[in-house]
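Participant: A structural model of the following input is requested.
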Amino acid sequence: MNLGTSFCPGPVSRREAIRFGSLALGSLGVADVAPKPRGKEDNSVIFVWLPGGPPHMEMYDLKPDAPLDYRGAFQPIRTNVPGIDVGELLPLHARCADKFNIVRSIAHQFADHGGGHKRFMTARDPREPSGFVNDFPAVPSMVAKMVEGRKRGIPNYVNGTDGGRQGIDTFSFGSAYLGNAVHPFSVPGNPSDPKFKVDNLAPTAALSDRLDGRVDLLAKLDSWRHKIDDAPVMDSMDQFNRRALELVTSDKARKAFDLTLEPQAVRDRYGMHAYGQRALMARRLVEAGVTFVTMVMENPNVPGGLPKHVSYNWDSHAVNCHIFDDAKVRFPYYDQAVTALIEDLYARGLDKRVLLVVTGEFGRTPRVSYSIGTQTGVMQPGRDHWPNAMSMIVSGGGMRTGQIVGATNAKGEHPSERPMTPNDLWATVLNHLGIDAEHAFPDHAGRPMPILPFGAPIRELLPVA
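Facilitator: Next up is the predicted model:
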């Protein structure tokens, strides 16, 4: 069928009708069938994902009194909050520690990247300890399902990644039995690149020529409905198309993603690199009304490319990188981006409405190991996967900040105070969004599956009265 004409050649198949509506715009799902959230509809979440596993012993849980082969090469430094220290490579964190909390006692049992991603993202033990394809929906997809009735001219769920890393199963972001309508709207690429652009926002010339025909086609869906087998997907296809078309022609969406509208001084404060500009984009998106923004920080896009002793992401095995030299390259970019985002959320009055979570799928082994680097060919230090202890930071959400929540033992091996799981973090996120963690969706077999099978909001991270 030629979408540039109003001519209808006759009955169409269900597949063809679906094809006409598929603009593949991620979280723009079916409005009429979404369960309603309990409130707090203006609240948003920024979820910064550090795949590979950030080293808690170098960042937020240093152990200067541990044996040398545990404590590593760096020393803790004082912050602007008495009693809170961070790693010496995070000096900007030290200046704004009063605006975030460090959580040190979340742990789980899945040491493989795939198993760790699935355990963290779905809040359930995966059926297989490896691989990244979800058995259950990722929690952000369940959030997207709960809020898909919102019409704001912008996706409800957005995900930023490196180019080529936007596949839904790359980080276990899949929606399993909830379907691809609640996948994130994907924004791959380096936003600091002058040639960076967001696909699927502005109509191409060819699409512009066909818009009149597409709108007319949408208007005809009702008249075609009696010719097509009755099915829920068809009942909602016109709504899906209208919302997709609204995004394609949305000035609000284009402006929200357009970082050139920011003063250069602001862009420089975040950092003209992938980490910084993704963080800035996240702030612009929640200001525009996006409910859930995930920004994946892997390669900071070091000018001239990554040195041989630096890993592509946070997977700091000795075979991948020299962990301490890797940190000297990676941490300054991370330090700049995350602290600029935290300070900006507070400066712009978003600290109550927006909850920021920064984490990876697990921590790193407390004891340093040595191996010959694949790229360097020399013996070098590293740390392996360690789900038994991890650290993360949480900011905003109207909570009291400047706290340390939980603790690990003297060698950073496991929680010694306030042991928790990723489910408790997700319960905190859902509470912020006003979403019932016990709300159930039917799985492939029709069994009701709650968003969280267990977990309770972390009391220290709840909003203050």
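Participant: For the stretch 101-250 of the chain, which segments are assigned as helices?
Facilitator: Ranges of helices in the stretch 101-250 of the chain, per DSSP state H, counting those that start in this stretch, are 113-122, 139-147, 205-219, 221-225, 232-235, 237-248.
Participant: So for the longest one, mean pLDDT?
Facilitator: Averaging pLDDT along helix 205-219 yields 47.
Participant: Identify the single longest helix in the protein, thanks.
Facilitator: helix 323-347 (DSSP state H).
Participant: Can you tell me which helices and strands whatever helix or strand comes next after that helix packs against?
Facilitator: Per DSSP states H and E, the first helix or strand lying C-terminal to helix 323-347 is strand 354-359. Strand 354-359 is packed against strand 44-49, helix 323-347, strand 390-396, helix 422-433, with contacts defined by 3 or more CB pairs under 8 Å, 6 or more residues apart in numbering; DSSP states H and E. Where you see a C-beta, it was placed from the backbone N, CA and C, and this is true even at glycine.
Participant: and those, which is most packed in?
Facilitator: strand 390-396 (a mean of 26; mean count of other CB atoms under 10 Å).
Participant: and the next helix or strand after that one, what other elements does it pack with?
Facilitator: Once the chain leaves strand 390-396, the next helix or strand it forms, by DSSP H and E, is strand 404-405. In terms of contacts (3+ CB pairs under 8 Å, 6+ apart), strand 404-405 is packed against strand 100-106.
Participant: Quick one: residues contacting Ala111.
Facilitator: Shown in contact with Ala111 (CB atoms under 8 Å, 6 or more residues apart in numbering): 362, 385-387.
Participant: in this protein, which ranges drop under the pLDDT threshold?
Facilitator: By pLDDT under 70, the weakly predicted segments of the chain are 1-39, 202-249.
Participant: Is Ser371 within a helix or a strand, and which one?
Facilitator: Going by DSSP H and E, Ser371 is in strand 369-372.
Participant: Tell me the strands beside that strand, with direction?
Facilitator: strand 379-382 (antiparallel) (DSSP bridges).
Participant: Tell me which residues of the strand it pairs with come out buried.
Facilitator: Buried positions in strand 379-382, judged by neighbour count with 16 or more other CB atoms under 10 Å: 380-382.
Participant: Other residues contacting that strand?
Facilitator: Contacts of strand 379-382 (CB under 8 Å, 6+ apart): 309, 316-325, 368-373.
Participant: and the residues you listed, which are buried?
Facilitator: Counted by 16+ other CB under 10 Å, the contacts of strand 379-382 give 309, 316-325, 368, 373 as buried.
Participant: Okay, the spatially most central residue of the chain and Pro137: tell me how far apart.
Facilitator: In the chain, the centroid-proximal residue (CA atoms, centre = their mean) is Thr294; its distance is 2.3 Å. Distance from Thr294 to Pro137, counting by CB to CB, to the nearest Å: 14 Å.
Participant: do Lys255 as well
Facilitator: Counting by CB to CB, the separation of Lys255 from Pro137 is 31 Å.
Participant: which of the two has more neighbours?
Facilitator: Pro137 (27 against 13; other CB atoms under 10 Å).
Participant: Show me the domain layout of this protein.
Facilitator: 45-201+262-458, 208-249 (automatic domain parsing).
Participant: ok, back up a step: export the buried ones among the contacts of strand 379-382 to CSV and tack on distance to His432?
Facilitator: Listed next are those as CSV, based on distance: CB to CB, whole Å:
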residue, distance to His432
His309, 39
Ser316, 31
His317, 35
Ala318, 39
Val319, 39
Asn320, 35
Cys321, 35
His322, 39
Ile323, 34
Phe324, 36
Asp325, 38
Val368, 37
Gly373, 42
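Participant: Tell me if I'm right that Met390 and Phe110 touch.
Facilitator: No - at 11.7 Å, Met390 does not count as touching Phe110 under the criterion of CB atoms under 8 Å.
Participant: joint contacts of those two?
Facilitator: Phe362.
Participant: Please settle this for me: is Ile294 part of a strand?
Facilitator: Actually, residue 294 is Thr rather than Ile. Yes - assigned with DSSP: H, G, I helix; E, B strand; the rest coil, Thr294 falls within a strand.
Participant: what sits against Ile342?
Facilitator: Contacts for Ile342 (CB under 8 Å, 6+ apart) come out as 96, 99-100, 356, 395-396.
Participant: need the contact list for the closest residue to Gly406 other than its chain neighbours.
Facilitator: Among residues not flanking Gly406 along the chain, Ser105 sits closest, at 2.6 Å (CB to CB, 6 or more residues apart in numbering). Ser105 makes contact with 389, 405-408, 415-420, according to CB under 8 Å, 6+ apart.
Participant: Please check those residues and keep the buried ones.
Facilitator: Among the contacts of Ser105, those buried by neighbour count (16+ other CB under 10 Å) are 389, 405-408, 415, 418, 420.
Participant: Is it possible to get CSV of these that adds distance to Gln75?
Facilitator: Shown next, in CSV, are the buried ones among the contacts of Ser105 (distance: CB to CB, whole Å):
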residue, distance to Gln75
Ala389, 20
Val405, 23
Gly406, 22
Ala407, 19
Thr408, 18
Pro415, 23
Arg418, 25
Met420, 28
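Participant: nearest to Ala123, of those residues?
Facilitator: Met420 (12.4 Å; CB to CB).
Participant: Could you point out the bridge partners of that closest one in the sheet?
Facilitator: Under the criterion used (DSSP bridges), Met420 bridges to Ile106.
Participant: show me the contacts for it.
Facilitator: Counted by CB under 8 Å, 6+ apart, Met420 has contacts 103, 105-107, 406, 458.
Participant: Check those residues and tell me the two furthest apart.
Facilitator: Most distant of the contacts of Met420, by CB to CB, are Ala107 and Ile458, 13.8 Å apart.
Participant: on that earlier part again, could you single out the most deeply buried of the domains of the chain?
Facilitator: Across the domains of the chain, averaging neighbours per residue (mean count of other CB under 10 Å) puts domain 45-201+262-458 on top, at a mean of 20.
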